[in-house]
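> Provide a 3D model corresponding to the input given below.
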Amino acid sequence: ILTGKLFEYIASGTPVLGIGPKDGDAARVLKDTQSGEMVDFSDSYESIIMTFGKYYHFAKVINNSWSCVRAFSRNELAKKMCSIFDKEYIEA
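Okay, here's the model as predicted:
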């Protein structure tokens, strides 16, 4: 499940450290937009701390791919939804 909060964090331009499934949708979005990293619930405390350390003080440069980020904006998602509705309406 992708929440609006994830996209707000990405739009902030600061690195995002998520805790959840590494193969989930949120992990994919973080990877595709180069906005941060996902650590798994089952990862060790040390592994989570090491991942956090990569981003603390912005030691690692995050290069947001803004075209990917824009694809998730409310405006772009609304356009996509409208095109789906238009397609369904025309086919009906």
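> put the alpha carbons of the helix or strand harbouring Phe7 into CSV.
Secondary-structure assignment from DSSP states H and E places Phe7 in helix 4-11. As requested, C-alpha coordinates have been extracted for helix 4-11 and formatted as CSV (Å, rounded to 0.1, in the frame of the first residue of the first chain):
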residue,chain,number,x,y,z
GLY,A,4,0.4,9.9,0.3
LYS,A,5,2.9,10.4,3.2
LEU,A,6,5.5,8.5,1.2
PHE,A,7,5.3,10.9,-1.7
GLU,A,8,5.3,13.9,0.7
TYR,A,9,8.6,12.6,2.1
ILE,A,10,10.0,12.0,-1.4
ALA,A,11,9.0,15.5,-2.4
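> next helix or strand past that helix?
Using DSSP H and E, the helix or strand that follows helix 4-11 in sequence is strand 16-19.
> adjacent strands (with direction) for that next one?
Listed by DSSP bridges, the sheet partners of strand 16-19 and their directions read strand 36-39 (parallel).
> other SSEs contacting the next helix or strand after the partner strand?
Using DSSP H and E, the helix or strand that follows strand 36-39 in sequence is helix 45-55. Using 3 or more Cβ pairs under 8 Å, 6 or more residues apart in numbering; DSSP states H and E as the contact definition, the elements that helix 45-55 packs against are strand 16-19, strand 36-39. From N, CA and C alone the C-beta is placed, and that goes for glycine too.
> would you mind listing the buried residues in helix 45-55?
Residues of helix 45-55 classed as buried under the neighbour-count rule (16 or more other Cβ atoms under 10 Å) are 51, 55.
> just to revisit the earlier point, tell me the most buried of the helices and strands packed on helix 45-55?
Per-stretch averages of neighbours, counted by mean count of other Cβ atoms under 10 Å, single out strand 36-39 among the helices and strands packed on helix 45-55, with a mean of 21.
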